[in-house]
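Peer 1: take this sequence and fold it.
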Amino acid sequence: MSSIPKPRFWHQYYPENLPTSLQYEPTTIPQALHRSAQHFADRASLVFYGFR
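Peer 2: Down below sits the predicted model:
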């Protein structure tokens, strides 16, 4: 897999200083969920019909 993204037609409409791709840290979904749960431990993870 190439790290250089293919040019897309919509990139021509991006401002000059806006990147056409983003770099993400390689991680698994469980790792990302664990990190988010630690970071946002004081917030509700789900609100369903007003219940938290």
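Peer 1: state the distance from residue 30 to residue 24.
Peer 2: When CB to CB, to the nearest Å is the yardstick, residue 30 and residue 24 sit 16 Å from each other. Any C-beta I mention is one placed from the backbone N, CA and C, and that applies to glycine too.
Peer 1: just residue 35 next, same as before
Peer 2: The span separating residue 35 from residue 24 equals 13 Å under the rule CB to CB.
Peer 1: more crowded one of those two?
Peer 2: Neighbours per residue, other CB atoms under 10 Å: of residue 35 and residue 24, the larger number sits with residue 35, 12 against 7.
Peer 1: could you pull up the mean pLDDT of the helix or strand hosting the more buried one?
Peer 2: Taking DSSP states H and E as the definition, residue 35 sits inside helix 29-39. Averaged over helix 29-39, pLDDT sits at 94.
Peer 1: check which residues of that helix are buried.
Peer 2: Using 16 or more other CB atoms under 10 Å as the burial criterion, none of the residues of helix 29-39 qualify.
Peer 1: and the contacts of it?
Peer 2: 27, 45 (CB atoms under 8 Å, 6 or more residues apart in numbering).
Peer 1: just how off-centre is that helix within its chain?
Peer 2: The gap between where helix 29-39 is centred and where its chain is centred comes out at 13 Å by CA atoms, centre = their mean, to the nearest Å.
Peer 1: what number of residues lie near residue 11?
Peer 2: Residue 11 - counted by other CB under 10 Å - has 13 other residues nearby.
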